[in-house]
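>>> predicted model and sequence follow; I will ask about them next.
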Amino acid sequence: MADDLSWASAPLARIKAADTPQCHSSHVGQEQIPVVNLSLKDAEAASALRHACEKFGFFYVAHHGMSQGLIDRQFAASKDFFSLPLSTKLNLKVDQSNRGYYPFGMGSAKNPFAQEDRKEAFNAYGFETEPSDATPFHGVNKWPSEEDLPGFRETMEEYHKEMSCIANRLVTLLAMALGLPKGYFDERFSRPVANVRAVHYLEGQPSNPEAGIFGVGPHTDWGALTILATDNEPGLQICLGKTWIDVEPRAGMFVVNLGDMVDRWTNGRFKSTLHRVVNSNERFSTPFFLAANWDAEMSVLPSCVSTGESIPAAPATCGAWLTMRRRAEYENKVRQLEDTSLPNARAPSPPRLQQISAQ
Ligand SMILES: O=C(O)CCC(=O)C(=O)O
Ligand SMILES: [Fe+2]
């Protein structure tokens, strides 16, 4: 795996570092985010998908096939999890495996100039390796015991499994939308790095974009695509042109966005769009992140390169990509902490764990 991080901070045309400030203004505008109806025949759905991917990188999916019952059960399970005593949750704290509990105040602020994201989260992957596996994103999931939270694991695993089916359909449509054979991407998603993340934006912790305080700071997703379920609380915004656009929750639909892998494979034809969460109230959301196989290639699709077009450098495999994005984020954070001239040095620190712990 290459060890050079220079690409991560270089102003690359296509590969957006997490801190690229495309959307300067705090102006929030309106735009119709398209809906892709998954009950349509493949060709029709693929055509709608193509338009959405080229223009927005974001779309709703309707008639996706997941029952409202399972969506509701997942949110109920997620709320029960976050209501556990902090000490129980902290026993499941994330490590290099990226599995388990992200406490509030530790976070993964993706914008290094912002403060920590105002959220707590729980992460579980659809694959496991040996507990001793020190490869980033590998290892075993960290579930609360059945005694502490009966049925939580079963619900989240069922949700993950059904989300994987929707994701597979989207991957097929993605290939068709690019004019490729239906099964073109199947091989690179045969053992995907896919995870479900329950997220809780805390009550009494409203965002304040001017002060650099966010539910989630501006970022692009690292994987191939993300399928997001939210409660009825707004907050998600995407950067179109130079304006932040609200993505309102819509009953019965998920929000889907493309991540950096698809942006890279298509050389920017299909967009991984900058987004953030600006919330006023308590909010729950559950993104399902689909990345390709660990060893899948990051190379640009031949059909997406015109003669003479230059292609920015990038790691060779999806695993190397994920590892570097994570490391770049971490190193940015360290740089930020060390550099007192950065804006965050002047902003007040978020309250630490003890201060917000109601348990
Ligand atoms: O909670 C949301 O609406 C989106 C969260 C998000 O963008 C992320 O976790 O990558
Ligand atoms: Fe995201």
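Everything's here; your move. Ligands and ions are numbered 1, 2, ... in the order given.
>>> use CA for all of it now, contacts and neighbours both
OK.
>>> what's near enough to touch the one residue in the stretch 51-200 of the chain that gets nearest to ligand 1?
The nearest approach of the stretch 51-200 of the chain to ligand 1 comes at residue 199, 6.7 Å away (CA to the nearest ligand atom). If you count contacts by CA atoms under 8 Å, 6 or more residues apart in numbering, residue 199 has them with 78, 119-122, 284-287.
>>> switch the cut-off to 6 Å
Residues near residue 199 by CA atoms under 6 Å, 6 or more residues apart in numbering: 120-121, 284-286.
>>> now the residues you listed in JSON lines, with distance to residue 278 and neighbour count?
Converted to JSON lines, these look like this (distance: CA to CA, whole Å; neighbours: other CA atoms under 10 Å):
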{"residue": "120", "distance to residue 278": "15", "neighbour count": "21"}
{"residue": "121", "distance to residue 278": "16", "neighbour count": "22"}
{"residue": "284", "distance to residue 278": "13", "neighbour count": "21"}
{"residue": "285", "distance to residue 278": "13", "neighbour count": "19"}
{"residue": "286", "distance to residue 278": "16", "neighbour count": "23"}
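>>> nearest to residue 93, of these?
Distance to residue 93, by CA to CA, is smallest for residue 121 among the contacts of residue 199, at 10.1 Å.
>>> tell me the pLDDT at the nearest residue to the closest one once chain neighbours are set aside?
With CA to CA, 6 or more residues apart in numbering as the criterion, residue 121 has its nearest non-adjacent residue at 4.4 Å, and that residue is residue 199. At residue 199, the model reports a pLDDT of 98.
>>> dihedrals phi and psi, residue 199?
phi -120, psi 140 (degrees, to the nearest 10).
>>> repeat for residue 176
According to degrees, to the nearest 10, residue 176 has phi -60, psi -40.
>>> counting neighbours, what do you get for it?
Residues within reach of residue 176, counting by other CA atoms under 10 Å, total 21.
>>> check contacts around the residue nearest in space to the middle of the chain.
Most central in the chain under CA atoms, centre = their mean is residue 221, positioned 4.5 Å from the mean C-alpha point. The neighbours of residue 221, taking CA under 6 Å, 6+ apart as the test, are residue 259.
>>> tell me the residues on the protein that lie near ligand 1, please.
When proximity is defined as CA under 6 Å from any ligand atom, the chain approaches ligand 1 at 221, 236, 276-277, 285.
>>> now, among the residues you listed, which is nearest to residue 157?
Taking the residues of the chain next to ligand 1 together and measuring to residue 157 by CA to CA, the closest member is residue 285, at 16.6 Å.
>>> SS state for residue 245?
At residue 245 the chain is in strand, as set by DSSP: H, G, I helix; E, B strand; the rest coil.
>>> distance of it from ligand 1?
13 Å (CA to the nearest ligand atom, to the nearest Å).
>>> can I assume that residue is in contact with residue 28?
Yes: under the criterion of CA atoms under 6 Å, residue 245 makes contact with residue 28 at 5.5 Å.
>>> pick out whichever of those two has more residues nearby.
More neighbours surround residue 245 than the other of residue 245 and residue 28, with 20 against 13 (other CA under 10 Å).
>>> run through the bridge partners of the more buried one.
Under the criterion DSSP bridges, residue 245 forms beta bridges with residue 29, residue 238.
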